[in-house]
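In: just the structure for this:
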Amino acid sequence: MIPVAAGEEVAPKLVRLLYFVGAGVICTAAINKWKELERKALIQKEEQQLNQPPLDNPSTVE
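Out: Okay, here's the model as predicted:
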């Protein structure tokens, strides 16, 4: 049982705790989504670089 002072309600403390936990969940989800977007952008950039034909370098003579 949670110790509570006389005349004090548990509901406001419980609501604050739930808000805090909910905010943590939302922030964690947002951070994970951001990491996923960054990872996808990096993969897409690497694929574009691999698919580009090599540039002719005028300094190399065959």
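
In: what helix or strand is the residue sitting nearest the centre point of the chain on?
Out: By CA atoms, centre = their mean, the chain has its centre lying nearest to Ile31, at 1.8 Å. In the assignment (DSSP states H and E), Ile31 maps to helix 11-51.

In: give me the mean pLDDT for that helix.
Out: When pLDDT is averaged along helix 11-51, the result is 95.

In: roughly how far is it from the heart of the chain?
Out: 2 Å (CA atoms, centre = their mean, to the nearest Å).

In: before we move on, back to that, look up how far Gly24 lies from the residue nearest to the centre of the chain.
Out: Here the criterion is CB to CB, to the nearest Å. By it, Ile31 lies 11 Å from Gly24. All C-beta atoms are positioned from the backbone trio N, CA, C, and that covers glycine.

In: could you do Lys40 as well?
Out: Distance from Lys40 to Gly24, by CB to CB: 25 Å.

In: repeat for Gln44
Out: Relative to Gly24, Gln44 is positioned 31 Å away (CB to CB).

In: swap in Pro53?
Out: With the distance defined as CB to CB, Pro53 ends up 48 Å from Gly24.

In: neighbour-wise, which of the two wins?
Out: Gly24 (10 against 5; other CB atoms under 10 Å).

In: contacts only, for that one.
Out: Listed by CB atoms under 8 Å, 6 or more residues apart in numbering, Gly24 has no contact partners.

In: neighbours of Trp34, just the number please.
Out: Neighbours of Trp34 (other CB under 10 Å): 10.

In: one more: Glu9?
Out: 8.

In: same check, this time on Gln44
Out: The number of residues near Gln44, taken as other CB under 10 Å, comes to 10.

In: and if you look at Ala5?
Out: Ala5 has 5 neighbouring residues, counting by other CB under 10 Å.
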